[in-house]
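Peer 1: need a structure here:
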Amino acid sequence: MRQGVRLGVDPGDARIGVARSDPSGMLATPVETVRRGKGDLRRIHQILAAEGAVEVVVGLPRSLSGSEGPAAAKTREFALRLARRVTPVPVRLVDERLTTVTAEAMLRDQRKGAKRRAVVDQVAAVVILQQALDSERATGAPPGELVAEPPDEETHD
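Peer 2: Okay, the predicted model is just below:
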């Protein structure tokens, strides 16, 4: 298992849940909910710097069949912008199927309204990060796929 704090990120349309791991990569815990929009990447970068994170794990929403739709395309674009912002820290995309459902179930009968939604985003980020940590511990390989700039298309004269 690689050492170092990792950030887990659950990007939504209105809010972004952020979680962190301990330095040994055993346990994920909530950090905060970042409002989506102007300054969101800057705030995540500030959290990354404050935590001394060595990697960011972003949840990639897929359908139950594993296919990717419009939400996954938006997340891939967000992850690429985040990767550019936090370079040289690697950003990885991991399958997040059912994490929000899991987070909602964990919080059932607790908090209502906007406060609950903010906490759900953080708990979803915890679930995403914990699954990535558990996967790495089980396989010995970094989780998901590394976010990288697409290669420039060659132009022919």
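Peer 1: Can you report how many residues neighbour the closest residue to Glu136 other than its chain neighbours?
Peer 2: Leaving aside its sequence neighbours, Glu136 sits nearest to Pro143 (C-beta to C-beta, 6 or more residues apart in numbering; 5.3 Å). In short, each C-beta sits where N, CA and C put it, glycine included. Residue crowding around Pro143 was assessed by other C-beta atoms under 10 Å; the count is 22.
Peer 1: what does the one 4 residues further on give?
Peer 2: Look at Val147: counted by other C-beta under 10 Å, it has 20 neighbours.
Peer 1: is it true that it touches Leu60?
Peer 2: No. If you go by C-beta atoms under 8 Å, Val147 and Leu60 don't touch, sitting 9.9 Å apart.
Peer 1: what's the overlap in contacts for these two?
Peer 2: Both Val147 and Leu60 are contacted by Arg76, Ala79, Leu93, under the criterion C-beta atoms under 8 Å, 6 or more residues apart in numbering.
Peer 1: Please state the offset of the longest helix anywhere in the chain from the chain centre?
Peer 2: The single longest helix within the chain, with elements called by DSSP state H, is helix 113-139. The chain centre lies 8 Å from the centre of helix 113-139; the measure is C-alpha atoms, centre = their mean, to the nearest Å.
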